[in-house]
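S.K.: this one's structure only:
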């Protein structure tokens with residue numbers, strides 16, 4: 001899975017994951033997923049310095065588009081800017097999927113198919129953990145399904161409020177592995193074994 005530079009650099013993701021574990025939102029639960037066995041390798045092409053340059057370029061491009069639109073009274077459009085600056089992608093960490101959580105509101109139930117697959121529900125209560133942008137990528141989403149490095153979302157909540165940094169089940173690679181594939185969203189199956 002890719003760790004997107006809009007929210008994280010490799011360093012900031014590692015810092016967050018070491019504090020409260022890994023939590024990656026997914027569109028579907030893969031059929032071959034095995035709780036306690038499946039590893040999710042994390043890829044990023046942004047160090048903290050590269051991420052700052054990336055965000056600065058996004059702001060600059062937005063300003064240029066707004067200025068052009070103001071000159072000719074049209075809507076801002078992105079044209080002719082070319083690719084955004086990015087660093088070299090590396091596989092920098094992994095976690096074993098120790099649970100899958102589906103986010104519900106009080107009184108809401110999760111789909112039967114997810115229950116059959118061993119997915120656990122987590123009730124999102126306004127003002128409680130998961131609604132306060134605890135992670136750099138924001139709050140949990142109702143109806144969202146998340147792969148977790150921990151045994152359930154309650155453990156993630158406990159880790160987030162604890163001072164024990166480094167007690168999560170995320171493994172940082174001492175020597176990150178260069179990634180030569182194309183950029184992707186979501187998950188890709190791989191035979192990589194570390």
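M.R.: Now that the structure is in, tell me what you want to look at. No experiment lies behind these values; they were computed from the predicted model shown.
S.K.: average pLDDT across the biggest helix by length in the chain?
M.R.: In the chain, taking DSSP state H as the definition, the longest helix is helix 48-72. For helix 48-72, mean pLDDT is 84.
S.K.: now stretch 161-168
M.R.: The average pLDDT within stretch 161-168 is 74.
S.K.: what about the helices in this protein?
M.R.: Ranges of helices in the chain, per DSSP H, are 10-20, 48-72, 112-116, 153-161.
S.K.: can you list these in TSV and add distance to residue 33 and mean neighbour count?
M.R.: C-betas here are computed from N, CA, C, even on glycine. Below are the helices of the chain laid out as TSV (distance: least, C-beta to C-beta, whole Å; neighbours: other C-beta atoms under 10 Å):
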stretch	distance to residue 33	mean neighbour count
helix 10-20	19	20
helix 48-72	30	13
helix 112-116	12	11
helix 153-161	17	18
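S.K.: now render the ones you listed as TSV, adding distance to residue 28.
M.R.: Putting the helices of the chain into TSV (distance: least, C-beta to C-beta, whole Å) gives the following:
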stretch	distance to residue 28
helix 10-20	22
helix 48-72	28
helix 112-116	10
helix 153-161	19
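S.K.: figure out which of those helices is closest to residue 81.
M.R.: Among those, the nearest to residue 81 by C-beta to C-beta is helix 48-72 (5.2 Å).
S.K.: so that closest one versus helix 10-20, what angle?
M.R.: Here helix 48-72 runs at an angle of 110 degrees relative to helix 10-20 (axes from the mean of the first three to the mean of the last three C-alpha atoms, to 10 degrees).
S.K.: of the helices of the chain, which is nearest residue 88?
M.R.: Closest approach to residue 88 among the helices of the chain (C-beta to C-beta): helix 48-72, 9.1 Å.
S.K.: helices and strands around the closest one, which ones?
M.R.: With contacts taken as 3 or more C-beta pairs under 8 Å, 6 or more residues apart in numbering; DSSP states H and E, helix 48-72 sits against helix 10-20.
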